[in-house]
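Chemist: What shape does this take:
(chains A and B)
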Amino acid sequence: MTLRRLLLATVFAATATAASAEGATIGFSLPSLANSFWISAHYGVTSAAEGKGVEVVVVDAGGDGNTVQQIAQIQDLIQRGVDAIVIGATNGQAIAPVVGQAIAMGIPVVGLSSPPANDDIAAIVSADHYDMGKLQAQCLGKAIGGKGEVAMMAGPTGQQWSDRRADGFRETLAADYPDVEIVAESRLADNRNAALGVAEDWTQRFPEIDGVYSATDDMAAGVISAFDAAGLADVAFSASNLSPTAQELIKSGKLACTSIQKIVAQGKAALEAAVTAAEGGAIDKSIVTPALLVDESNIDGVDLSDVVAPSDYRP
Amino acid sequence: MTLRLPRATVALVCLGVVWLGFGLLIERVWTFGNLASVASQLTVLALLAAGQMAALTVRGFDISVGATAALASTAAALGANAFGPVGFLAGPLAGLLVGALNGFLVARLKVQPIIATLGTLIGCRGLATLISDNGQVVVLTDPSAVTWLAYGRWLGFAPSVWLVLLVVLVLAVAIHGTVAGRRLVMVGSNPGAAALVGIDVAAVEAGAYRICGLFAGLAGLVMVTRAGAGLPADAGGLELQSIAAAVIGGTSLSGGVAPVIGTLLGAGFIQSLLSGLNLAGVSPFSAEIAVGAVIIAAAFVATAPALISRIRSGSTNQRTVP
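Modeler: Numbers count the residues shown, from 1 in each chain, chains lettered A, B, ... in the order given. Presented below is the predicted three-dimensional model:
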């Protein structure tokens, strides 16, 4: 009986502290701050929060494979009593059970770019990934003169962004440039170093390659290093996103083009949607930011404030 | 005997300090909901640390536990999707097989534990990637059939918390209350003497690795209940957390001690620390540095009594057996 009394006392203490909370607090759970995408998203979320006077509690799972870690962190955000959670999932389906817990407790959840697979989340903010792949196909097809061999560093399987980008690239290439053949595709690499390793193998196996598609700019940077090291010139590279590294690669002419999404704008939109949802307001269930193509000709004119975090930004 | 008390107390004090400290600094820490939440987060690490302790007890260690858990979770999810509930047994079975392989390599072929288990770590990752379609998460056909174990409530806590506690207590009884358990500790504290009294040292060592593998397999099963899916690429880094938890709990890296409850408290300390930093909203990068520093400090305090007694006794060879 004494144990039960103790438990009851703790429960009362819990409700008492819950009632004393004030001001909106938004949780932000992301897969990896080692990734330039999430650094820019982090910048978008936190800069929008500063403007609104909202507190953001950020938790980083430390890697795309760390679902167990992310589940625990979302449990912590629930206990923290946040008013809404913005989530970029390590894996949308595997975190669905814990996200279901948050939603069941009345905490609205906004998916950012890599959303949880729950049907009842408040909103999903993402880029038009299909168009990002399509823009790469148009640019790379032109850059290699409409015929030849290309390889795809297509990024992880089972993630909406990489799958949609690869679909957009493949389908557009088949329609617009039927003489271009895809000779290799890797779904294993998801970062610069892994892409470097895979691309080194490609330089040996497919020395005739004319162009390489990369799902992200980080991966493209690895691919370009491998082809440079192998001494293979006359290869065109395309990518997606525009981190400071990609900006350098475009300016130096090594990267033909990059199809970009407004990552910072997505972060801002996700934070705004989360705050509105926390206040009980109505929000669009799907918020899509358009894709743009950046190459040497227009890089100096692009307004980067909506696209990437400043190069000196540290989360 | 004088050393026995400090072993578990270091972890207990660390645990107390974390809860006291975070509770004073931020609100919502001292709530029953948070206690239950941290307990449910703890389930995976507690099993890995308990298994790790068995390997450490016989002077070995096992860095493949994270990869083994990931492989086991994948096997369990594939098994359940193919054969129904009985298929979940594929998880613990996979863990046991990996443990048996580690035991064979270390105890029979005398491969250094770090090399043997590094090999199985890489092998397990490869195998998990292979059987899961390039490392894709294996989603259960009916996740809600198991996720209630992680998110439901039995007497205030998730059912998985009670089940993990039961399994760990069984291990404690097995180690401290059976002949086989005492042999484990004896082999770890002095393999030469154990061999002299007729114990098959290699068999006992191999047994310790099987326990470690089995517990990693059970951790994989718990991962499935938390995610509703098998996670082939997950649990990286948990092998090192499991070693830290065991050491803070009083396990000696030179073997011969098997503090099951201390290890459980050590795991509780690490999980509470991670959770507290999340609740506090500390920047993720600073949090990692803090965790590393605190783990080193706690492990130092945990090993200090043995060190001091060794210095006092004036002999570096003398082993401290509780």
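Chemist: and the residue nearest in space to the middle of chain B, what does it touch?
Modeler: In chain B, the centroid-proximal residue (C-alpha atoms, centre = their mean) is B:A49; its distance is 1.6 Å. By C-beta atoms under 8 Å, 6 or more residues apart in numbering or on different chains, the contact set of B:A49 is B:Q241, B:S242, B:A245, B:A246, B:G249, B:T263, B:L264, B:G266, B:A267. Quick note: C-beta positions are derived from backbone N, CA and C, even for glycine.
Chemist: 6 Å - rerun?
Modeler: For B:A49, the contact set (C-beta atoms under 6 Å, 6 or more residues apart in numbering or on different chains) comprises B:S242, B:A245, B:A246, B:T263, B:A267.
Chemist: Please look at A:F28 and A:V86 and confirm they touch.
Modeler: Yes: counting by C-beta atoms under 6 Å, A:V86 is a contact partner of A:F28 at 4.7 Å.
Chemist: that older thread, got a list of what the closest residue in space to the residue nearest to the centre of chain B that isn't next to it in sequence touches?
Modeler: Here the nearest residue to B:A49 in space, its sequence neighbours aside, is B:A245; by C-beta to C-beta, 6 or more residues apart in numbering or on different chains that works out to 3.8 Å. Neighbouring residues of B:A245 by C-beta under 6 Å, 6+ apart: B:A49, B:G266, B:A267, B:I270.
Chemist: pLDDT added to these, as TSV?
Modeler: Formatted as TSV, the contacts of B:A245 follow (pLDDT from 0 to 100):
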residue	pLDDT
B:A49	97
B:G266	94
B:A267	96
B:I270	93
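Chemist: May I ask which two of the residues you listed are separated the most?
Modeler: Farthest pair in the contacts of B:A245 (C-beta to C-beta) is B:A49 and B:I270. Separation: 8.4 Å.
Chemist: hang on, the earlier thing: the contacts of B:A49 into JSON lines, with extra columns for secondary structure?
Modeler: Formatted as JSON lines, the contacts of B:A49 follow (DSSP: H, G, I helix; E, B strand; the rest coil):
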{"residue": "B:S242", "secondary structure": "helix"}
{"residue": "B:A245", "secondary structure": "helix"}
{"residue": "B:A246", "secondary structure": "helix"}
{"residue": "B:T263", "secondary structure": "helix"}
{"residue": "B:A267", "secondary structure": "helix"}
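Chemist: Check whether B:N102 really touches B:Y209, as I assumed.
Modeler: Yes: counting by C-beta under 6 Å, B:N102 touches B:Y209, with 4.3 Å between them.
Chemist: So, low pLDDT: which residues of chain B?
Modeler: Where chain B drops to pLDDT under 70, the residues are B:1-6, B:314-322.
Chemist: Run through the residues of it sitting next to chain A.
Modeler: Within reach of chain A by C-beta under 6 Å from any C-beta of the partner chain, chain B has these residues: B:27-28, B:31-34, B:37, B:41, B:44, B:134, B:136-137, B:139, B:147, B:151, B:223, B:226-229, B:231, B:233-236, B:275, B:278-279, B:281, B:284.
Chemist: which of those count as buried?
Modeler: By neighbour count, with 16 or more other C-beta atoms under 10 Å in any protein chain shown, those hold B:27-28, B:31-34, B:37, B:41, B:44, B:136-137, B:139, B:147, B:151, B:223, B:226-229, B:231, B:233-236, B:275, B:278-279, B:281, B:284 as buried.
Chemist: Once you drop chain neighbours, what's closest to A:A49?
Modeler: In space, A:A49 is closest to A:V56, 4.6 Å off (C-beta to C-beta, 6+ apart).
Chemist: hey, where'd the strands end up in the chain?
Modeler: In the absence of a named chain, chain A is used. Secondary structure of chain A by DSSP state E: the strands cover A:25-30, A:55-60, A:84-87, A:109-112, A:123-127, A:148-153, A:180-186, A:211-214, A:236-240, A:257-260, A:286-289, A:292-295.
Chemist: if you could check chain B rather than the one you did, that'd help
Modeler: Counting by DSSP E, chain B has strands at residues B:138-139, B:229-230.
Chemist: What pLDDT is listed against the nearest residue to B:A227 once chain neighbours are set aside?
Modeler: Among residues not flanking B:A227 along the chain, A:A94 sits closest, at 3.9 Å (C-beta to C-beta, 6+ apart). A:A94 carries a pLDDT value of 94.
Chemist: Any idea how many residues pack against A:A94?
Modeler: For A:A94, the count of nearby residues is 29 (other C-beta atoms under 10 Å in any protein chain shown).
Chemist: Ok, B:L184 next?
Modeler: Counted with other C-beta under 10 Å, the neighbours of B:L184 add up to 26.
Chemist: Please name the residues that touch it.
Modeler: Neighbour list for B:L184: B:T57, B:V204, B:A208 [criterion: C-beta under 6 Å, 6+ apart].
Chemist: Let's have the residues you listed in TSV, adding distance to A:A166 and neighbour count.
Modeler: Compiled in TSV, the contacts of B:L184 are given as follows (distance: C-beta to C-beta, whole Å; neighbours: other C-beta atoms under 10 Å in any protein chain shown):
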residue	distance to A:A166	neighbour count
B:T57	49	30
B:V204	52	22
B:A208	46	29
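Chemist: So which of these are in helices?
Modeler: Residues of the contacts of B:L184 located in helices (DSSP state H): B:T57, B:V204, B:A208.
Chemist: Same list as before, those residues that is, but in TSV and with distance to B:L184 included.
Modeler: Output for the ones in helices among the contacts of B:L184, formatted as TSV (distance: C-beta to C-beta, whole Å):
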residue	distance to B:L184
B:T57	6
B:V204	6
B:A208	6
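Chemist: For A:S297, state which of those is nearest.
Modeler: Of all the ones in helices among the contacts of B:L184, A:S297 sits closest to B:A208, with 65.6 Å by C-beta to C-beta.
Chemist: Run a quick neighbour tally on the nearest residue to B:M223 once chain neighbours are set aside.
Modeler: Counting by C-beta to C-beta, 6+ apart, the nearest residue to B:M223 once its immediate chain neighbours are dropped is B:S73, at 4.3 Å. Here the number of neighbours of B:S73 (other C-beta under 10 Å) works out to 37.
Chemist: picking up where we left off before, now flag whichever of the contacts of B:A49 is closest to A:N35.
Modeler: B:S242 (26.5 Å).
Chemist: Next up, the contacts around the closest one.
Modeler: B:L48, B:A49, B:Q52, B:V65.
Chemist: do you know how far the first one is from B:A54?
Modeler: Same thing as B:L48. Going from B:L48 to B:A54 by C-beta to C-beta, to the nearest Å gives 11 Å.
Chemist: For the stretch 201-315 of chain A, which residue gets nearest to chain B?
Modeler: Closest residue of the stretch 201-315 of chain A to chain B, C-beta to the nearest C-beta: A:P315 (6.9 Å).
Chemist: what does the model give the closest residue to that residue other than its chain neighbours for pLDDT?
Modeler: Nearest non-adjacent residue to A:P315, counting by C-beta to C-beta, 6+ apart: A:H42, 4.7 Å away. Note for A:H42: predicted pLDDT of 96.
Chemist: any idea how far A:H42 lies from A:I74?
Modeler: On the measure of C-beta to C-beta, A:H42 and A:I74 end up 17 Å apart.
Chemist: now A:I85
Modeler: The spacing between A:I85 and A:I74, counted by C-beta to C-beta, is 7 Å.
Chemist: tell me the helices in chain A, going along the chain?
Modeler: Under DSSP H, chain A gives helices at A:2-19, A:36-52, A:67-80, A:96-104, A:129-143, A:160-176, A:192-205, A:217-229, A:244-251, A:263-278.
Chemist: before we move on, what about the stretch 151-300 of chain B?
Modeler: Here the stretch 151-300 of chain B has its helices, by DSSP state H, counting those that start in this stretch, at B:159-177, B:179-189, B:191-196, B:201-227, B:238-248, B:260-280, B:284-313.
Chemist: What number of residues are in the vicinity of B:A180?
Modeler: For B:A180, the neighbour count with other C-beta under 10 Å is 11.
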